[in-house]
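Enquirer: Provided below are the primary sequence and the corresponding predicted coordinates.
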Amino acid sequence: MLKKLTTRKLTSLAIVSMLIVGGSIALSASADAAGKQGTTCTKLKAKSGIYTCSTNPLAPTSKTLVWITADCATTQADYLSNIADSASYAKNAANATSQAQTLLASYQNALTVAQTSLNNFMTTNIYTIEYTPGTKTPSVQVTGFNAAVAAYQAKLASDQAGLLAAQAALAKDVVRSQQATNDQAAIKGYTDGVKYRQQTIDQLNKTLAPIQTTIANDQKAIVTWTSTVNGSIAQQKLLTKQLQDAITTAKSTRAAACKKGF
């Protein structure tokens, strides 16, 4: 009889224990089930019906886990996406504008260098027109491009006139005479002079042309890149405002979806 009672008692205790354990499990599950938005939960990203376990989107510094609705989670994701888009655009736009400004500055610097070079070439440089015979010592010098070209053209005209005169004189000379020899030497000297003067004038013009071309190209590039920079800045301001407006709208939408229960 005692044995049977003991067995029954143990059986009863086992049943009670099972009920207690079962009740504990049920209570635990109930404690982590979503009741409404804002109630606490224990496992991040856990799901319960329309609810997800997360931190409070409206309290970004809070570490407490709470249940939020699908709408709250969606609007939070949208809000964060808008912020990320704005930050990404701001970085890329700033880089693009900076690169355009750097390129513009390089053209402005190049223009300054070219204009300085042109100024020196046209008004400051000293040009030697003649040297002391038999030496490398300048005997005639002028300052500036225009003065140099004018001086060389005058010497060219003089050499051409001398050449014509020497050629005319040679035509009257007795063949193989000393005078003929002298006139032939004069013709060679004038011919060399004409060639040198013309080459010098051509070289001066060839030196001037690329400087002028560089200035024209730099000025054109400056106009283009100034417009690019100004357009980039204006567009950046416009799109930044649009992105900020989108963030404001997303924040307001999130607040409406998430504020219930908090």
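Expert: That came in fine, so what should we check first?
Enquirer: top helix in this structure by residue count?
Expert: Counting residues, the longest helix found in the chain (DSSP state H) is helix 178-258.
Enquirer: Can you list the helices and strands that that one packs against?
Expert: Where contact means 3 or more CB pairs under 8 Å, 6 or more residues apart in numbering; DSSP states H and E, helix 178-258 is packed against strand 65-69, helix 70-119, helix 145-172. Where you see a C-beta, it was placed from the backbone N, CA and C, and this is true even at glycine.
Enquirer: So which residues make contact with the shortest one?
Expert: It refers to strand 65-69. The contact list for strand 65-69 (CB atoms under 8 Å, 6 or more residues apart in numbering) reads 34-44, 48, 50-57, 76, 257-258, 260, 262.
Enquirer: now the residue most central in space within the chain: how far from T40?
Expert: Taking CA atoms, centre = their mean, the centroid of the chain lies closest to Q99, which sits 1.5 Å from it. Summarising the geometry, the distance separating Q99 from T40, computed by CB to CB, to the nearest Å, is 51 Å.
Enquirer: Could you do D218 as well?
Expert: In terms of CB to CB, D218 sits 68 Å off from T40.
Enquirer: okay, these two: which has more neighbours?
Expert: D218 (20 against 12; other CB atoms under 10 Å).
Enquirer: can you give me the end-to-end distance of stretch 45-59?
Expert: End-to-end distance of stretch 45-59: 17 Å, with CA to CA, to the nearest Å as the criterion.
Enquirer: Just the buried residues of it, please?
Expert: Y51, T52, C53, S54, T55, N56, P57, L58 (16 or more other CB atoms under 10 Å).
Enquirer: mind listing which of those are in strands?
Expert: Counting by DSSP state E, the part of those found in strands is Y51, T52, C53, S54, T55.
Enquirer: what's the closest of the buried residues of stretch 45-59 to T128?
Expert: Proximity to T128 was ranked across the buried residues of stretch 45-59 by CB to CB; first place goes to P57, at 82.5 Å.
Enquirer: what's near enough to touch the closest one?
Expert: When contacts are counted by CB under 8 Å, 6+ apart, P57 touches I68, C72, T75, Q76, Y79, R254, C258.
Enquirer: my guess is the last one contacts T74, does it?
Expert: So the one you mean is C258. No - if you go by CB atoms under 8 Å, C258 and T74 don't touch, sitting 10.2 Å apart.
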